[in-house]
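S.K.: Quick one: sequence and predicted model below, then my questions.
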Amino acid sequence: MDSDEHGSRLAAERQRLLGFGLGTAHPLGGAAWLDDAGNPDLERPVQTWITARMVHVYGLGLLLGREDCRPVAEAALAGLTGPLHDGERGGWFAAVLADGSPEPPAEKSCYAHAFVVLAASTATLAALDGGRALLEQATRVLEDRFWDDEAGLCRDSWDRGWSVADGYRGINANMHAVEAMLSAVDAGADPVWRQRALRICRFVERQARGNHWRIPEHYDASWVALPDYHRENPRDPFKPFGATVGHGFEWARLMLHLEAALGTQAPDWLAPAAVSLFDRAATDGWAVDGEPGFVYTTDWAGVPVVRERMHWVAAEAVAAAAVLHRRTGKERYARLYRTWWEYVDTALVDRDAGSWHHELDVHNQPAATVWPGKPDLYHAVQATLVPRLPLAPMPAAAVRAGSTG
């Protein structure tokens, strides 16, 4: 993975991906959901999570020297400072409709806010106008509204007026909060965010270790696990039933980023936890039904539940294998990396219409049961960068410092 030839292939794929989303700007401001051909689907609401991811992606592109990424990043950023922001009550709506009104129920979600922090971090490092102010504003909201210092975790969502917190607690939002916290510190935010990220990771490590390294994703307000949550709706795109294979990989990578960021202050459990999470995800997820690819979810015994192949799972798998190889030097991670990139290259990369197929069926044919279209580029672009970057700082800061992937 460290060869010049492979680096050139990753760079070429990244350029192709960035080209796919150049038309993502939505007339309202923000980034549109992209269809299979990369055209904005204007019938869908403008999503804060997609908009923030596109600020991040095209901010990375700008840092890598592509000036055509600047207007894309600026247009997406304008969505976060404009229609997606609740100027009356603070924070960001999950989405807005075609008339600019918030999509009901107009909730404020940690998942979306975590991506706003990530977007603001990258915008700051890319010197986009308004990036620094957005970072200060977004971290303040994350701290005041979502961070629960007693639990050492983030709450999941509030109503529009910040008066009622949802009783649900979730690991997905906390996972992206960890990424956002580490990125924010790299962009100049208070280093206390790294310690908060560590507290979140410690909770996840304990939960996973007690559950054969399958991560319980869903909890009640007291942080008691809900193992049957969404059993009747296993294909939910954000809160599926059971263990989510891709999150095992993603948490493994984030724990190694955190370990590197903490340096000599890092606890000794982070790397072993990353290895165990990675191994469980690989064992449960890869080609377990006789076909190549990663299943989406399993039950608590590791039996596949949703067998469709999501592009983001493969993206996180190759990224995790790369960082584990960099951290340990063990050849087995390099072998898995090569195997999985071959799968990405042959099954997921769409050389006709562009980007990657976001979902494949059990026979690795394009499908749309969970993810219609090709909404954004976040996972795929990062999969072309992370394998060639240091473990710390996070990608935007690493690229700004001169690492090019």
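M.R.: On my side now, so go ahead. None of the values given here were measured: they were computed from a predicted structure.
S.K.: can you pull out the strands in the stretch 51-200 of the chain?
M.R.: 95-96, 108-109, 147-148, 153-154, 157-158, 169-170 (DSSP state E, counting those that start in this stretch).
S.K.: Likewise for the stretch 201-350 of the chain?
M.R.: Using DSSP E, counting those that start in this stretch, strands in the stretch 201-350 of the chain cover 218-219, 243-244, 297-298, 309-310.
S.K.: neighbouring contacts of the second one?
M.R.: Which is strand 243-244. Counting contacts by Cβ atoms under 8 Å, 6 or more residues apart in numbering, the residues outside strand 243-244 that touch it are 172, 214-217, 284, 296-300, 302. In short, each C-beta sits where N, CA and C put it, glycine included.
S.K.: Mind putting those into JSON lines with pLDDT?
M.R.: JSON lines is the format used below for the contacts of strand 243-244 (pLDDT from 0 to 100):
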{"residue": "172", "pLDDT": "98"}
{"residue": "214", "pLDDT": "98"}
{"residue": "215", "pLDDT": "98"}
{"residue": "216", "pLDDT": "98"}
{"residue": "217", "pLDDT": "97"}
{"residue": "284", "pLDDT": "98"}
{"residue": "296", "pLDDT": "98"}
{"residue": "297", "pLDDT": "98"}
{"residue": "298", "pLDDT": "98"}
{"residue": "299", "pLDDT": "98"}
{"residue": "300", "pLDDT": "98"}
{"residue": "302", "pLDDT": "98"}
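S.K.: Would you mind writing the PyMOL command to select the buried ones in the residues you listed?
M.R.: With 16 or more other Cβ atoms under 10 Å as the criterion, this PyMOL line picks the buried residues out of the contacts of strand 243-244:
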select buried, resi 172+214+215+216+217+284+296+297+298+299+302
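S.K.: Specify which member of the contacts of strand 243-244 is nearest to residue 329.
M.R.: residue 284 (25.1 Å; Cβ to Cβ).
S.K.: Identify the residues contacting that closest one.
M.R.: Residue 284 sits next to 214, 243, 245, 248, 295, 298, 302, 304 when contact means Cβ under 8 Å, 6+ apart.
S.K.: What separation do you get for the fourth one and residue 180?
M.R.: Okay, so that is residue 248. From residue 248 across to residue 180, the span is 20 Å (Cβ to Cβ, to the nearest Å).
S.K.: Check the third one too.
M.R.: As defined by Cβ to Cβ, residue 245 lies at a distance of 22 Å from residue 180.
S.K.: again, but for residue 345
M.R.: Applying Cβ to Cβ to residue 345 and residue 180 gives a distance of 30 Å.
S.K.: Residue 390 reaches residue 398, doesn't it?
M.R.: Yes. If you go by Cβ atoms under 8 Å, residue 390 and residue 398 touch, sitting 5.8 Å apart.
S.K.: more neighbours, these two?
M.R.: residue 398 (23 against 16; other Cβ atoms under 10 Å).
S.K.: Please read off the pLDDT at the more buried one from the model.
M.R.: Looking at residue 398, its pLDDT reads 98.
S.K.: Repeat that for residue 2.
M.R.: pLDDT at residue 2 comes out at 79.
S.K.: Then the one 5 residues further on?
M.R.: Looking at residue 7, its pLDDT is 93.
S.K.: same thing with the one 3 residues further on?
M.R.: Per-residue confidence at residue 10 stands at 97 (pLDDT).
S.K.: can you pull the contacts of it?
M.R.: Counted by Cβ under 8 Å, 6+ apart, residue 10 has contacts 384-385, 387-388, 405.
S.K.: Ranking by neighbours, what's the top pick from these?
M.R.: residue 384 (26 neighbours).
S.K.: Pretty sure residue 194 sits against residue 260.
M.R.: No. Using Cβ under 8 Å, residue 194 is not in contact with residue 260; the gap is 10.9 Å.
S.K.: related to what we said a few turns ago, just the contacts of strand 243-244 now: which is nearest residue 370?
M.R.: In terms of Cβ to Cβ, no member of these lies closer to residue 370 than residue 296, at 7.3 Å.
S.K.: For the closest one, list the residues it contacts.
M.R.: 235, 240, 244-246, 305-310, 313, 370.
S.K.: Would you report the backbone torsion angles of it?
M.R.: phi -80, psi -50 (degrees, to the nearest 10).
S.K.: Skipping adjacent residues, who's closest to it in space?
M.R.: Nearest residue to residue 296, sequence neighbours excluded (Cβ to Cβ, 6 or more residues apart in numbering): residue 306, at 4.1 Å.
S.K.: follow-up on the earlier one: relative to residue 184, which of the contacts of residue 10 is nearest.
M.R.: Nearest member of the contacts of residue 10 to residue 184, counting by Cβ to Cβ, is residue 385, at 18.5 Å.
S.K.: circling back to that earlier point, what's the most distant pair in the contacts of strand 243-244?
M.R.: Maximum pairwise distance among those (Cβ to Cβ): 19.9 Å, between 172 and 302.
S.K.: Now do the helices in the protein.
M.R.: Residue ranges of the helices in the chain, as given by DSSP state H, are 4-20, 48-63, 70-81, 110-125, 131-141, 171-186, 192-209, 245-262, 270-285, 311-328, 331-343, 378-385, 395-400.
S.K.: Go through the first one and flag the buried ones.
M.R.: Residues of helix 4-20 classed as buried by neighbour count (16+ other Cβ under 10 Å): 7, 10-11, 13-14, 16-20.
S.K.: Can you pull the phi and psi angles for residue 97?
M.R.: Backbone torsions of residue 97, given as degrees, to the nearest 10, read phi -90, psi 180.
S.K.: ok, it - how many residues close by?
M.R.: 15.
S.K.: Report whether the expected contact of it with residue 45 is present.
M.R.: Yes. Counting by Cβ under 8 Å, residue 97 does reach residue 45; the two are 5.4 Å apart.
S.K.: list residues touching both of the two?
M.R.: Here residue 97 and residue 45 share the contacting residues residue 103, scored by Cβ under 8 Å, 6+ apart.
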